[in-house]
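Q: Kindly return the folded structure for what I paste below:
(chains A and B)
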Amino acid sequence: MKNNVVTRFAPSPTGLFHAGNYRTAVFSYLAARQAGGKFILRIEDTDRERSKKEYADDIIESLDWLGLDYDELHYQSKRVSIHKKYLQQLINEDKAYLSKEEKPADLEPDKDWREEVIRFRNPNKKVSFQDKIRGLVEMDTTDLGDFVIAKSLDEPIFHLAVVVDDFELGVNEVIRGEDHISNTPRQILIQEAIGAPTPIYAHLPLVLSPDRSKLSKRHGAVAIAEYRKRGYLPEAILNYMALLGWNPGTEQEIFYKEELIKSFDLSRVQKGGAIFDQIKLDWINREFIKRLSLARLEEELTRFIPEKFLPLAKIISERINNLSEAKNLVGNGEFDFFFAPPEPTKELLREGKFLDETIDLLEKLDGGDWSAEKIKNKLWDFATEQGRADVLWPMRVALTGREKSPDPFTVASILGKKESLQRLKHAQKILN
RNA sequence: GGCCCCAUCGUCUAAUGGUUAGGACAUCACCCUUUCACGGUGGUAAUCCGGGUUCGACUCCCGGUGGGGUCACCA
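A: As a prediction, this is how the structure comes out:
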């Protein structure tokens, strides 16, 4: 009999899905897939006040986009009858009890408040658990007191719901953020009370902001959906997040999903928190952009630039960190950066040496055969003879009006014969 | 503050008692080149501090210091 690994990702839909959450999902996913086990997505939406459907949808769409496929999807709010069963049982066995509460004086006026809640009868003992990343962790639960596990029989809260669901769904490896370490003893107490086995834990180091505090919405975290909009590739995000806090022990940096699944190993996960480094993400994204097939590159680029610039796809791909930057290079359909309106200055034209000859040579080239390669062939010998800089600089400036651009042959090919010659002649006029 | 976790270049990390402490990103210099970009080569840069243990500590132990997490009728 194979001991199948079952992991889960259990986000609460109370905000946009970002790198902090996402890294937990990646590690849970990789651990499950590597073991040939099961990966469960459970949306923890029992807090009716804070949970929003749009956030749940955002999580699902982001996971889908990133290619983290799950075997089961559960909404915790739909499982309250199961939680209720266990709650009732705990009360019957006097392991939990109804507790009268005194309303705090400083309670916010519009805040939901129960006069009576269900508290767990804390046996006040030391508990310990095995953590795949940190080893044996021990804690005394005495100072936790009789903590609240439900607002009512129909309203379980976090600790009870998590323990019951993990048990019922067969989760045997709980992979979650380090911020849950202090919740673990409480949950173990509940497990013991309902007769559930304690899963293996793996508490991941936190993803940090540049100031080393926990990454959060209001603190530097960018939503996954936003990265998508900015033209980051899902494989790049996956790769970068996997490398944040984990490494394969080799010098490989670029991984596709299948390779990650193959090499992933929880025991090689770092213990300390890791700062989210946008610059390195950019580098990885660039690496994946470079590795894109021409067909896929063009397809991705059409989300950001007009189709007529697709012949430039390759050249563009060498100059951008993310696809949306392509917009800055070609503008909104009008010739922009690469193809600025030709307003060459005399100075930039360097006296326009050989502009006449360049025009003559190009006039002879068939307009139906106007490729960058053909243009280059036509001009190359002459340019080499006269000094390439002296011939090509004026041509570049005349065509683009700028010092910086792709090579002039490519520019000319995109502009077409008519427009190219028009611009060259315009430059000629300026010089006279 | 109590409890808990953590600590190698600026950043992500490798080295599980013996290495000139390695790699990547970033940065700097040079090369390539019709500009930018791409690419290539090389450089700068780290074991938090103090005690032990040991022939020998980044590595093991103890103590500091520092950072972080958590202390809800949120997850």
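Q: Find me whatever residue is spatially closest to A:Val26, sequence neighbours aside.
A: In this structure, A:Val26 finds its nearest non-sequential neighbour in A:Met241, 5.0 Å apart by Cβ to Cβ, 6 or more residues apart in numbering. In this view, the C-beta of every residue, glycine as well, is placed from N, C-alpha and C.
Q: Can you pull the residues of the stretch 151-300 of chain A lying near RNA strand B?
A: By the rule Cβ under 7 Å from any atom of the strand, the part of the stretch 151-300 of chain A lying against RNA strand B is A:151, A:157-158, A:161-162, A:178-183, A:205-206, A:208, A:211-214, A:243-247, A:249, A:251, A:253, A:268, A:270-275, A:277, A:279-280, A:282-283, A:290.
Q: Just the buried residues of these.
A: A:151, A:157-158, A:161-162, A:178, A:181, A:205-206, A:208, A:243-247, A:273-275, A:282 (16 or more other Cβ atoms under 10 Å).
Q: Which helix or strand lies directly C-terminal to the worst-scoring helix or strand of chain A on mean pLDDT?
A: Using mean pLDDT, DSSP states H and E, the weakest-scoring helix or strand in chain A turns out to be helix A:346-349, at a mean of 68. Going down the chain from helix A:346-349, the next helix or strand is helix A:355-364, by DSSP states H and E.
Q: Distance from the chain centre to the next helix or strand after that next one, please.
A: Later in the chain than helix A:355-364, the nearest helix or strand by DSSP H and E is helix A:372-386. Remark: helix A:372-386 is offset 45 Å from the chain centroid, using Cα atoms, centre = their mean, to the nearest Å.
Q: now stretch A:279-286
A: Centroid separation between stretch A:279-286 and its chain, computed with Cα atoms, centre = their mean, is 12 Å.
Q: hmm, back to that, dump the residue contacts of the residue nearest to A:Val26.
A: Going by Cβ atoms under 8 Å, 6 or more residues apart in numbering, A:Met241 touches A:19, A:22-23, A:26.
Q: I'd like to know which of these are buried.
A: Buried, going by 16+ other Cβ under 10 Å: A:19, A:22-23, A:26, out of these.
Q: between the residues you listed, which is nearest RNA strand B?
A: A:Arg23 (10.0 Å; Cβ to the nearest atom of the strand).
Q: how about that closest one, secondary structure?
A: Following DSSP: H, G, I helix; E, B strand; the rest coil, A:Arg23 is assigned to helix.
Q: Name the nearest residue to it, ignoring sequence neighbours.
A: Among residues not flanking A:Arg23 along the chain, A:Met241 sits closest, at 4.8 Å (Cβ to Cβ, 6+ apart).
Q: just checking, next helix/strand downstream of the helix or strand containing the one you found?
A: According to DSSP H and E, A:Met241 maps onto helix A:234-243. With elements assigned by DSSP H and E, the helix or strand that comes after helix A:234-243 is helix A:257-263.
Q: List the buried residues in that following helix.
A: For helix A:257-263, the neighbour count (16+ other Cβ under 10 Å) marks A:257, A:260-261, A:263 as buried.
Q: Ok, stretch A:214-227 next?
A: Neighbour-count burial for stretch A:214-227, counted by 16+ other Cβ under 10 Å, picks out A:215, A:220-225, A:227.
Q: Quick check: mean pLDDT of that stretch?
A: Average pLDDT, stretch A:214-227: 88.
Q: How about residues contacting it?
A: For stretch A:214-227, contacts defined as Cβ under 8 Å, 6+ apart pick out A:15-20, A:22, A:58, A:61-62, A:65-66, A:179, A:206-210, A:213, A:237, A:273, A:276.
Q: same deal with stretch A:146-166?
A: Under Cβ under 8 Å, 6+ apart, the answer for stretch A:146-166 is A:8, A:10, A:42, A:44, A:46-47, A:74, A:76, A:79-80, A:82-84, A:86-88, A:90, A:96-97, A:99, A:114, A:116-122, A:171, A:174, A:183, A:186-187, A:190-191, A:194, A:196, A:199.
Q: swap in stretch A:279-296?
A: By Cβ under 8 Å, 6+ apart, stretch A:279-296 touches A:232-233, A:235-237, A:239-240, A:243, A:253-254, A:297, A:300, A:313-314, A:317-318, A:320-323.
Q: which of the residues in it are buried?
A: Neighbour-count burial for stretch A:279-296 [16+ other Cβ under 10 Å]: A:281-282, A:284-286, A:288-289, A:292.
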